[in-house]
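Trainee: No sequence on hand, only this structure:
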């Protein structure tokens, strides 16, 4: 206590005490302050690290893609492009309708297919198929794609995202499980 | 009795002292101006948002399977639920608008200059937080627009180099738009961002008290670091008046009008949405952002593709740095906008740009009209007196979805040029080339049209010109005469 008074006498502010601290002998209060600060530092790490880990877990989480059936081959007539819907393989019970993912299936001939994501490669809006002009058109910024998914016009930087697919017995399957973006196409 | 309670509270809480150092602090007399009401107006909007938002959360269910249904319940069954939703929506619109005015006013009045740098910086971050509230709030109205809006946000994140995919996962709380995504945005909208706003607002108001409110600047009196604070203190000492009760009157009148305006809009226009259910398989939708983000929506349609990623990722950072760091490179000197023509031009340009883009965003001329091919009417004058071949062309213009991008008689998309007078601009050869090969924003139809169909289309398009104007001619063949056959009946109805 007397230290404080002496310092106040010289007109210094109390905060200046910290500068003089090393010169002083290790007082009881000084020790408690240091131990207290150190202890709280450890406590902050103990709480903070798991907290950051919890929040950032989605940052590091990899997409878990898996093979999903789009239904029997009969559902896709040759020479036509049709919408198919699959349930997201990583869905949660409370996802509701958002777990239903649409895609466009183009059956070129009996064996050859193309499966496109519904999302425009520009900014992800849902592209629509127009049978008569054989184009996919996007309602947002006017992107258009040919029937083989290649870029036809407008701002999209590339053709439609195309799923890997396989014919398994009498079923068409695609490898899906994440929203396609330019950073992580299908 | 009342007096003794008041004295007891005063003794325990030191209310007089608190009042003198806050609401009753002295401010320059010149701040008693209608230009100084926007800050308190924004604060009032924020309080209104907190109250209505908290009450909405009594009923709203932040789950992707239930959110839309709970919004319908709020609109149609919960007593006055529609009113609360409407006030919350209009409160947010007014908050962004009044806050923008506050930003412009402080910019034009040089309020960001020494020694109020931190007030400006905290205000800029508050502005960003408010836009963050607008975006997250739009997601909580979990309908089709919200669902696809999230897809747009994820697509923008996906353009970030190296960590794009990870950022998408962080934003969506997973690899797809699903239950956890909405929970994340609910938490951001209800806890994280409002908490940040309250913290920053405390700092902002504290700074207004410590560094004083900016005086109404006089042209010609420049800010100098050496003398400004003494001059300000002297001014407040000599001519200052307590904020309450001397200056708060105009704030009160403005705030009252503001609340009445919000409630009036809420009563007249009602709540916003929800639009269709957030089912990704219902793709017959044209997603559009709320009005705050219409300029962004517009600019993304109008920019050349090679500039997009730069504009989305780099330009905002540069723009924000210029805005936030303003007091550090222009912290002294002239304050009055009367002596700062460049500042006035910047504000006018910003208003013009944002306003024009938002206006374009409201009717989106770049978006194809997805139903026009089957629903848009062909004007009678365009089919009157046409040959069978030409009429077949008119049918093809519909059935091949040309009308989705090209209008006739004002109906149809505006993505491509209107076809009403196309024959005055293109020769038959040019039409054939354009249809088959496409170019610019037009896809090539070569694979999708048989030669006979192209012939019919071109035959019809050749009739699309006013009778008093000849068709386009090939300039490389100067001897070519005007087509002999004048299809006079092509005249458009007296337009």
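Mentor: Okay, I see it. A quick note: this is a predicted structure, and the numbers were derived from the prediction, not measured.

Trainee: Tell me, how many residues neighbour residue B:2?
Mentor: Using other CB atoms under 10 Å in any protein chain shown, residue B:2 is surrounded by 6 other residues. Backbone N, C-alpha and C define where each C-beta goes, glycine included.

Trainee: got it, and residue B:361?
Mentor: Neighbours of residue B:361 using other CB under 10 Å come to 23.

Trainee: which SSE is it in?
Mentor: Residue B:361 is part of helix B:341-363 when elements are defined by DSSP states H and E.

Trainee: So for that helix, what gets flagged as buried?
Mentor: Using 16 or more other CB atoms under 10 Å in any protein chain shown as the test for burial, helix B:341-363 gives B:343, B:347, B:354, B:357-358, B:360-361.

Trainee: List the contacts of the helix or strand following that helix.
Mentor: Remark: after helix B:341-363, the chain's next helix or strand is helix B:372-375, criterion DSSP H and E. Helix B:372-375 is contacted from outside by A:130, A:132, B:398-404, B:407, B:411-413, using CB atoms under 8 Å, 6 or more residues apart in numbering or on different chains.

Trainee: re earlier: any chance of TSV for the buried residues of helix B:341-363, columns pLDDT and distance to residue B:385?
Mentor: Below are those laid out as TSV (pLDDT from 0 to 100; distance: CB to CB, whole Å):
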residue	pLDDT	distance to residue B:385
B:343	93	62
B:347	95	56
B:354	93	49
B:357	93	44
B:358	93	44
B:360	92	38
B:361	91	41
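
Trainee: so which of those residues comes closest to chain A?
Mentor: For the buried residues of helix B:341-363, the closest approach to chain A (CB to the nearest CB) belongs to residue B:361, at 10.9 Å.

Trainee: quick one: the helices in chain A?
Mentor: Ranges of helices in chain A, per DSSP state H, are A:2-9, A:17-20, A:28-60.

Trainee: Lowest mean pLDDT across these, which one is that?
Mentor: Looking at the helices of chain A, the lowest mean pLDDT belongs to helix A:2-9 (a mean of 43).

Trainee: dump the residue contacts of the most centrally placed residue in chain B.
Mentor: By CA atoms, centre = their mean, chain B has its centre lying nearest to residue B:292, at 2.5 Å. Residue B:292 is in contact with B:93, B:96, B:131, B:134-135, counting by CB under 8 Å, 6+ apart.

Trainee: Now list the buried members of these.
Mentor: B:93, B:96, B:134-135.

Trainee: Closest one of these to chain A?
Mentor: So of the buried ones among the contacts of residue B:292, ranked by how close each gets to chain A (CB to the nearest CB), first place is residue B:135, at 14.5 Å.

Trainee: what pLDDT does the closest residue to that closest one other than its chain neighbours get?
Mentor: Spatial nearest neighbour of residue B:135, chain neighbours left out: residue B:293 (7.1 Å); criterion: CB to CB, 6 or more residues apart in numbering or on different chains. Note on residue B:293: pLDDT of 89.

Trainee: What distance do you get for residue B:293 to chain A?
Mentor: Distance, residue B:293 to chain A, using CB to the nearest CB, to the nearest Å: 12 Å.

Trainee: Residue B:195: neighbouring residues, count only.
Mentor: Residue B:195: 11 neighbours (other CB under 10 Å).

Trainee: What mean pLDDT does whatever helix or strand it lives in get?
Mentor: Applying DSSP H and E as the criterion places residue B:195 in helix B:193-210. For helix B:193-210, the mean per-residue pLDDT is 96.

Trainee: tell me the SS of residue B:161?
Mentor: coil (DSSP: H, G, I helix; E, B strand; the rest coil).

Trainee: Run a quick neighbour tally on it.
Mentor: When neighbours are counted by other CB under 10 Å, residue B:161 registers 8.

Trainee: Likewise for residue B:325?
Mentor: Around residue B:325 there are 15 residues (other CB under 10 Å).

Trainee: and stretch B:142-160 with chain A, contact?
Mentor: Yes. Part of stretch B:142-160 sits near chain A under the criterion CB under 8 Å from any CB of the partner chain, namely B:147-148, B:151-152, B:154-160.

Trainee: Which single one of those is nearest to residue A:175?
Mentor: residue B:158 (18.6 Å; CB to CB).

Trainee: wait, what's in contact with the closest one?
Mentor: So residue B:158 contacts A:181-184, B:164-165, B:167-168 (CB under 8 Å, 6+ apart).

Trainee: before we move on, back to that, from the contacts of helix B:372-375, which is closest to residue A:117?
Mentor: Looking across the contacts of helix B:372-375 and measuring by CB to CB, the closest to residue A:117 is residue A:130, at 17.4 Å.

Trainee: pLDDT value on the residue in the stretch 1-150 of chain B positioned nearest to chain A, please?
Mentor: Using CB to the nearest CB, the closest approach of the stretch 1-150 of chain B to chain A is made by residue B:65 at 2.7 Å. Note on residue B:65: pLDDT of 91.
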